[in-house]
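Trainee: Next comes the sequence, and after it the predicted model I'd like to discuss.
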Amino acid sequence: MCKNIYPYPVNFQKSYYISSKHDKKLRSLALCPVNDKIFATSAMDGIVNLWEVISSGEEVNLNSSNNCLTPDQCRWPEDIAWHPEGDRIFSVYNANSLDSQISIMYLSRVGEHPEEVRPFDTNICHIFPPFIFKSLSFF
């Protein structure tokens, strides 16, 4: 229950605007669960960007960009989420109700072979059709 019924000022920190570095509409932004200076963005251009906030809090660095479009270039990550350990980013693809996929981007592999870091290539990320997960207890 609210004890103070009178208005009072609320102080906010400064706001800063940065370019998303995406060519199309931004779809998601996800904060890293283990490092509050790191976040990821995804957009309809199929790119997943990994960002780091500079210690002053006034600037951000784009650490890496990964093209996560499907091979036929018709689907982009609908949403992204971090693994609780902060070492992987999950991307959800859903072009229609019959063709959903999840890709896992291992951050330790980002930048090692940029031409190969695509969620639908073998030995980089694993793709799991949704029916595999139906028997697991967390769904």
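Mentor: All right, it came through fine. What you see is a predicted model, and the numbers here were worked out from it, not measured in a lab.

Trainee: Sketch out the low-pLDDT regions of the protein for me.
Mentor: Within the chain, the stretches with pLDDT under 70 are 1-8, 10-12, 57, 69-74, 94-100, 108-139.

Trainee: what ranges do the strands span in it?
Mentor: With strands called from DSSP state E, the chain shows them at 26-31, 38-43, 47-53, 60-67, 79-82, 88-94, 100-106, 127-128.

Trainee: need these in a markdown table with distance to Tyr16, can you?
Mentor: Just so you know, the C-beta spots here come from the backbone N, C-alpha and C atoms, and that holds for glycine as well. Below are the strands of the chain laid out as a markdown table (distance: least, C-beta to C-beta, whole Å):
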| stretch | distance to Tyr16 |
| --- | --- |
| strand 26-31 | 14 |
| strand 38-43 | 14 |
| strand 47-53 | 10 |
| strand 60-67 | 8 |
| strand 79-82 | 22 |
| strand 88-94 | 24 |
| strand 100-106 | 27 |
| strand 127-128 | 36 |
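
Trainee: Any idea which of these gets closest to Ile18?
Mentor: With C-beta to C-beta as the criterion, Ile18 lies closest to strand 60-67 of the strands of the chain, at 5.6 Å.

Trainee: The closest one pairs with which strands, and in what direction?
Mentor: Note on strand 60-67: by DSSP bridges, its sheet partners are strand 47-53 (antiparallel).

Trainee: so Ile102 makes contact with His83?
Mentor: No. Judged on C-beta atoms under 8 Å, Ile102 makes no contact with His83 at a distance of 11.9 Å.
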